[in-house]
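*Asks:* Next input, structure requested:
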Amino acid sequence: MQQGLNSQPDSPLDPRPDSLRDWIGRTESQVDQVAIPAVHRLAATLDRSDPMPRWGDPLPPGWYAILFPRVVPQSEIGADGHPKRGDFLPPVPLPRRMFAGRRTTFHAELRIGDEVSKDSTITGITTKEGRQGLMVFVTVRAEISCPRGLAITEEQDIVYRGEPDPKVPPAPPQPAPGNAVWSKSITPDEVMLFRYSALTFNGHRIHYDHRYVTGVEGYPGLVMNGGLTTLLLHEVARAHAKGSVVQMNSRNVRPLFANQPIALCGEPGADGGTARLWAMDPAGALALSAEARIV
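*Replies:* Residues are numbered from 1 along each chain as shown. Coordinates of the predicted model:
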C-alpha cells in the first residue's frame, strides 16, 4: 500500500463507475533496470548486512517494489506530494486515495542488471457503500517482464473515499488471523520511512511531513509506507519459510505509524506449502494480512 495515498481531486467528475467507464482498459508501459546501487540501498534500509550485490544475483521476492516509480514533472505534483490525478489513474473526485491490497504471482526471478518492463491496465472500477460513505475501487493489473520472459503479475486495488466523518466511530480492530510461529518486532523511525520513500520516488507527504500529516490529513503521526510493511512480511517469510514465496495476496486493514512498534508475524501451513503473514499495531490490532504460497 501505499497507505493513505491521498490526492485532492482535479476535476468535478461523478464518482460513480458509469461516469468513469472510459478509463477501464487504459494502459501504461514503463521501463526500468534492476540496478546494483538501488538494491544495495534497499538492503541497508532493511538493516541487512548483505555483501555488495553483483550482476546476475537474483532479486529477493518483494524487492521489485523499488522498481517503476511514477515519475512526473514537478509542475504535475499535487498538494499532497503525489502526481495529480488523471494521467493514468482516473480522476475520481473523492479526496482520499488508499492502496487497499495486492495479489502477486512470481513466475520467474528477476536478476540484478536486468532491463525490465511493466505493462499496466485498469481492469475494473466499482463502488461500495462503507461506514464512512461512498468508496470507489480501481483495480490495476500489471505484468513485469525481464529478458527471460514474464516474471511477475500483480493486481492492485486502490480505494477512493471521502473525508472521515468524526461522528462515525472507527471500525473495530481485527484480531490476528493465526498463531504466530514466526515473529519479529520493528519500530520504524522517520529516517527509515524517508529512505524507503526516496528509494521508491514516493513524494507523498504523509510519510515525511509531520505538519502536513497531522494538520491536513489528521493522522497522529507519520504514516508507515504500506509497501514497506508488505516488504517486511516478505522478509519474514524469506527468513523462516522452507522455500520461496511464489504467490502473495495481501490486504491493508489499518495504518501504522512511525516510532511505534510493529509486530511482523507468520504461521506456516500444515503442509509447508502455504503461510499466513500479518502485521499488528502496538494495541494488537491487525494492520495488514497476507496469504502466501511457498515452493
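*Asks:* For the lengthiest strand in the chain, the averaged confidence score.
*Replies:* Assignment by DSSP state E gives strand 115-130 as the longest strand of the chain. Regarding strand 115-130, the rounded mean pLDDT is 93.
*Asks:* Could you do stretch 272-290 as well?
*Replies:* Mean pLDDT, computed over stretch 272-290, is 96.
*Asks:* what does stretch 206-223 give?
*Replies:* 93.
*Asks:* What are the buried residues along it?
*Replies:* Applying a neighbour-count criterion of 16 or more other C-beta atoms under 10 Å, one finds Ile206, His207, Tyr208, Asp209, Tyr212, Val213, Glu217, Tyr219, Gly221, Leu222, Val223 buried in stretch 206-223. Any C-beta I mention is one placed from the backbone N, CA and C, and that applies to glycine too.
*Asks:* Keep only those of those residues that are in helices.
*Replies:* The helices, defined by DSSP state H, take in Tyr212, Val213 from the buried residues of stretch 206-223.
*Asks:* Can you show me the helices along the protein?
*Replies:* Assigned by DSSP H, the helices in the chain fall at 17-20, 36-45, 190-199, 210-215, 226-240.
*Asks:* among those, which is the most enclosed?
*Replies:* Comparing the helices of the chain by mean neighbour count (mean count of other C-beta atoms under 10 Å), helix 226-240 ranks first with a mean of 21.
*Asks:* Output the contacting helices and strands for that one.
*Replies:* strand 96-106, strand 182-186, helix 190-199, strand 245-252, strand 262-268, strand 274-280, strand 286-294 (3 or more C-beta pairs under 8 Å, 6 or more residues apart in numbering; DSSP states H and E).
*Asks:* any idea of the mean pLDDT in the second one?
*Replies:* Here the mean pLDDT over strand 182-186 is 97, rounded to a whole number.
*Asks:* Pairing partners for that strand, with directions?
*Replies:* Paired strands of strand 182-186, with direction, are strand 262-268 (antiparallel) (DSSP bridges).
*Asks:* what's next to the partner strand, contact-wise?
*Replies:* Outside strand 262-268, the residues that touch it by C-beta atoms under 8 Å, 6 or more residues apart in numbering are 176, 178-188, 224, 229, 232-233, 235-237, 240-242, 256, 274-282, 287, 294.
*Asks:* Buried only: go through those for me.
*Replies:* 176, 178, 180, 182, 184, 186, 188, 224, 229, 232-233, 235-237, 241, 256, 275-281, 287, 294.
*Asks:* Just give the number of residues close to the residue lying closest to Gly56 once chain neighbours are set aside.
*Replies:* In space, and not counting its chain neighbours, Gly56 is closest to Arg111: 5.5 Å by C-beta to C-beta, 6 or more residues apart in numbering. Neighbour count for Arg111, taken as other C-beta atoms under 10 Å: 17.
*Asks:* Tell me the confidence at Met98?
*Replies:* 78.
*Asks:* Show me the beta-bridge partners of it.
*Replies:* Val159.
*Asks:* Over to Gln30?
*Replies:* Applying DSSP bridges, one finds that Gln30 bridges with Lys118.
*Asks:* From Leu228, how far off is it?
*Replies:* 21 Å (C-beta to C-beta, to the nearest Å).
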